[in-house]
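Asker: My questions are about this predicted structure, shown below with the sequence.
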Amino acid sequence: MSAPSFSRNLVLLSGGQIAGRLVLFGTTIYLTRVLSAENFGITAFATSVLAWAALIVDFGLMQYAPLEVARQSVPIRMLVRNVIGIRLLLTVAGFGALLLFVGLAPLTSVTVLVLLIYGISLVTTAADLDWLFLGAQLMHVSAAGEIIHQVTMLAGVILFVHRPEDVILVPVVYLVSRLASTAFLIVMAFRRFGWMLPGIDLKFARMILRASAPLAGTAGLAMVSHNFDLIYIGLVLGSASAGLYAAAYRIVWVPTLLVTSYYLVLRPIVAKASTSGIGTIDDLMGNSTRIAMGLVPGVVAGGVLLAEPVVTLLFGDEYAASAQPLKLLFVALGMLAISRNYRLILVCFNRQGTDFWIMSVAAAINIGLNVALIPRYGLSGAALATVASELFILVACYTASRMLIGHVPLGRYLLRPAVALGAMLGVFFLSGGLLLPIRVLLAAASYIVLLIVMRVITVKDVRWFIDSISPRRSQPTPEGGR
């Protein structure tokens, strides 16, 4: 793919993801306001459990099938026929696992009903053709499908969910929104590729399942970090606690998506540099680490300082207890933003095996600490488990990258951001007599100005990032500014 095509696709895909995530955040704010923390927790708990059932239905095909589409090694219709056929068969296993969980877990009758209604949407997971358009590089169709899903969901809850007792309607609206987006993608596939009915060719199905199985395993490890804590909170502490923790996590979603978008832009550049040898990577990763180290301290400190007022403003006084875990989740976000530099090195130099084992150990740490800390420390214990697993990922990826290429940057970029952070905190606390929004603006402005003055972030960095996502051209990585 040419650089302009890649950049255009990146803009379309990440733009759709950001738009969809912002609409989803609006849905979250609305539901926290009209449902009680307990009933919001029921929906959050149910969707977390549903994600595991959907993982069974997908079985890594969402990651593998687009590669086959891009390679054009098999006819599109044959691939679509088998992927949908396999997924429909796996839907039986996924819903069966859901029924087994419902039978074994100590759940209320309302939670069981909500979970089973959500489970019906597994059929839409099987029929979802988002992967087809990703592989065909038709990112605008994929983005449109995501926006249709989230806008329909938001409109549905606003129209039909008005009180805590309406919690049963939330999964119904979710099902309708999934049907709408899935139907849109099916229609678009029919118009572009013709009519395709599901089916299974045993030999071909075995081949793609063998290829997708490792990807399913990796997705499972990622799932542990994303929602095991919330499920365990729901089982041990109850739905109200799950609602409080889910509200905190929703706030961290927004900056996490920005981090993900940044590394989506960076990944092909690092991959291209890696083909020229290890020696070409030093300047590139140095600049990337410098940018990350410049932005992370301010974002983390801001999240910690503003956790209480932000939670109260968005969700109301009932969710005040979400503030403490939110502070810790912002610390974990900072570690994630830095560690992804080093994970990128491992993946681009074909050390996926090392990355897999690091993530496996991190998942084990996450599970073990959640089980140990949640009963004793509640929501803060869950957030501490996330911090610990992200810290392990940071240290392990940094160490593995250093062993691979001999030198990776980190320490030399700490001093100047620390100075800027100290100034930001000083401005924030010394302006205590002013309104909070003014204090925030003054502190943020002082931090940004110092980053620019001390050349932690340069004009070249900004131009490079803009050019990287511009559909017109792609520029080399920035130089200088260290």
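Answerer: Yes, it's here. Numbering: from 1, shown residues only.

Asker: Mind listing what's buried along whichever strand or helix holds residue 423?
Answerer: Of the helices and strands defined by DSSP states H and E, residue 423 is found in helix 415-430. Along helix 415-430, these residues count as buried under the neighbour rule (16 or more other C-beta atoms under 10 Å): 416-417, 420-421, 424-425, 427-428. Placement of C-beta: from N, CA and C, glycine included.

Asker: And for stretch 440-452?
Answerer: Neighbour-count burial for stretch 440-452 flags 440, 442-443, 446-448, 450-452 (criterion: 16+ other C-beta under 10 Å).

Asker: Excluding chain neighbours, give the residue nearest to residue 136 in space.
Answerer: Leaving aside its chain neighbours, residue 136 sits nearest to residue 69 (5.6 Å; criterion: C-beta to C-beta, 6 or more residues apart in numbering).

Asker: Tell me how far that neighbour lies from residue 146.
Answerer: In this structure, residue 69 and residue 146 are separated by 18 Å, where distance is defined by C-beta to C-beta, to the nearest Å.

Asker: Measure how buried residue 381 is and give me the count.
Answerer: Counted with other C-beta atoms under 10 Å, residues neighbouring residue 381 total 22.

Asker: Where does residue 434 sit: helix, strand or coil?
Answerer: Reducing the assignment to helix, strand or coil with DSSP: H, G, I helix; E, B strand; the rest coil, the entry for residue 434 is coil.

Asker: re earlier: among the buried residues of stretch 440-452, which one lies nearest to residue 117?
Answerer: residue 440 (41.1 Å; C-beta to C-beta).

Asker: helix/strand/coil for that closest one?
Answerer: At residue 440 the chain is in helix, as set by three-state DSSP.

Asker: By mean pLDDT, flag the weakest helix or strand of this protein.
Answerer: Using mean pLDDT, DSSP states H and E, helix 459-469 stands out as the lowest-scoring helix or strand of the chain, at a mean of 59.

Asker: in what helix or strand does the residue nearest to residue 167 when sequence neighbours are not counted lie?
Answerer: Leaving aside its chain neighbours, residue 167 sits nearest to residue 39 (4.1 Å; criterion: C-beta to C-beta, 6+ apart). When elements are assigned from DSSP H and E, residue 39 belongs to helix 37-58.

Asker: Mean confidence (pLDDT) on that helix, please.
Answerer: The average of the pLDDT scores along helix 37-58 is 94.

Asker: quick one: furthest residue from the center of this structure?
Answerer: Seen from the C-alpha centroid of the chain, the residue lying at the greatest distance (C-alpha atoms, centre = their mean) is residue 433, 37.8 Å away.

Asker: Look at that one and report its pLDDT.
Answerer: Residue-level confidence at residue 433 comes out at 85, pLDDT.

Asker: Contact partners for residue 200?
Answerer: Residues near residue 200 by C-beta atoms under 8 Å, 6 or more residues apart in numbering: 82, 85-86, 89.

Asker: sorry, back to before: okay, the buried residues of helix 415-430 in a markdown table with distance to residue 176 next?
Answerer: Formatted as a markdown table, the buried residues of helix 415-430 follow (distance: C-beta to C-beta, whole Å):
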| residue | distance to residue 176 |
| --- | --- |
| 416 | 51 |
| 417 | 47 |
| 420 | 48 |
| 421 | 46 |
| 424 | 45 |
| 425 | 47 |
| 427 | 48 |
| 428 | 45 |
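
Asker: From these, pick the one nearest residue 225.
Answerer: Of all those, residue 225 sits closest to residue 417, with 25.9 Å by C-beta to C-beta.

Asker: I'd say that closest one and residue 300 touch.
Answerer: No - Residue 417 is not in contact with residue 300 according to C-beta atoms under 8 Å; the separation is 10.7 Å.

Asker: do you know how far residue 94 is from residue 61?
Answerer: 13 Å.

Asker: Look at residue 162 and say how many residues are nearby.
Answerer: The local packing of residue 162 (other C-beta under 10 Å) involves 12 other residues.

Asker: thinking again about what came up before, which phi and psi values does the residue farthest from the centre of the chain adopt?
Answerer: Dihedral angles phi and psi of residue 433 (degrees, to the nearest 10) take the values phi -80, psi -10.

Asker: how much space between it and residue 21?
Answerer: If you go by C-beta to C-beta, the gap between residue 433 and residue 21 works out to 36 Å.

Asker: And for residue 102?
Answerer: Using C-beta to C-beta, one obtains 29 Å as the distance from residue 102 to residue 21.

Asker: what's the answer for residue 385, then?
Answerer: 24 Å.

Asker: which one of these two has more residues nearby?
Answerer: Set side by side, residue 385 and residue 21 show more neighbours around residue 385, with 27 against 18, by other C-beta under 10 Å.

Asker: Give the residue spans of the stretch 151-300 of the chain that score low on pLDDT.
Answerer: Scanning the stretch 151-300 of the chain with the threshold set as pLDDT under 70 gives 261-286.

Asker: where exactly do the strands run in the stretch 251-400 of the chain?
Answerer: When secondary structure is read from DSSP state E, counting those that start in this stretch, the stretch 251-400 of the chain shows no strands.

Asker: scratch that, the stretch 51-200 of the chain is what I was asking about
Answerer: Applying DSSP E, counting those that start in this stretch to the stretch 51-200 of the chain gives no strands.

Asker: From what I see, residue 166 and residue 158 are in contact.
Answerer: No - with contact defined as C-beta under 8 Å, residue 166 does not count as touching residue 158 (11.4 Å).

Asker: Which of the two has more residues huddled nearby?
Answerer: When residue 166 and residue 158 are compared for neighbours, residue 166 comes out ahead with 17 against 14, by other C-beta under 10 Å.

Asker: For the more buried one, which residues are in contact?
Answerer: Applying C-beta under 8 Å, 6+ apart, we find residue 166 in contact with 34-35, 160.

Asker: which one of those residues is nearest residue 345?
Answerer: For residue 345, the closest of those turns out to be residue 35, at 43.6 Å, with distances computed as C-beta to C-beta.

Asker: separation between the closest residue to residue 66 other than its chain neighbours and residue 87?
Answerer: Taking C-beta to C-beta, 6+ apart as the measure, residue 66 lies nearest to residue 135, with 3.3 Å between them; neighbours along the chain are not counted. Distance, residue 135 to residue 87, by C-beta to C-beta: 16 Å.

Asker: When these two are compared, which one has more neighbours?
Answerer: Each of residue 135 and residue 87 has its neighbours counted (other C-beta under 10 Å); residue 87 has more, 25 against 20.

Asker: What sits closest to that one if chain neighbours are left out?
Answerer: If the residues on either side of it in the chain are set aside, residue 87 comes closest to residue 126, at 3.6 Å by C-beta to C-beta, 6+ apart.

Asker: who touches that neighbour in this structure?
Answerer: By C-beta under 8 Å, 6+ apart, residue 126 lies in contact with 57, 84, 87-88, 90-91.

Asker: Turn the residues you listed into CSV, columns for distance to residue 235.
Answerer: CSV is the format used below for the contacts of residue 126 (distance: C-beta to C-beta, whole Å):
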residue, distance to residue 235
57, 23
84, 33
87, 28
88, 30
90, 25
91, 25
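
Asker: got the contact list for residue 244?
Answerer: Counted by C-beta under 8 Å, 6+ apart, residue 244 has contacts 37, 41, 319, 321-322, 325, 379.

Asker: what about 6 Å?
Answerer: In this structure, residue 244 makes contact with 37, 319, 321-322, judged by C-beta atoms under 6 Å, 6 or more residues apart in numbering.
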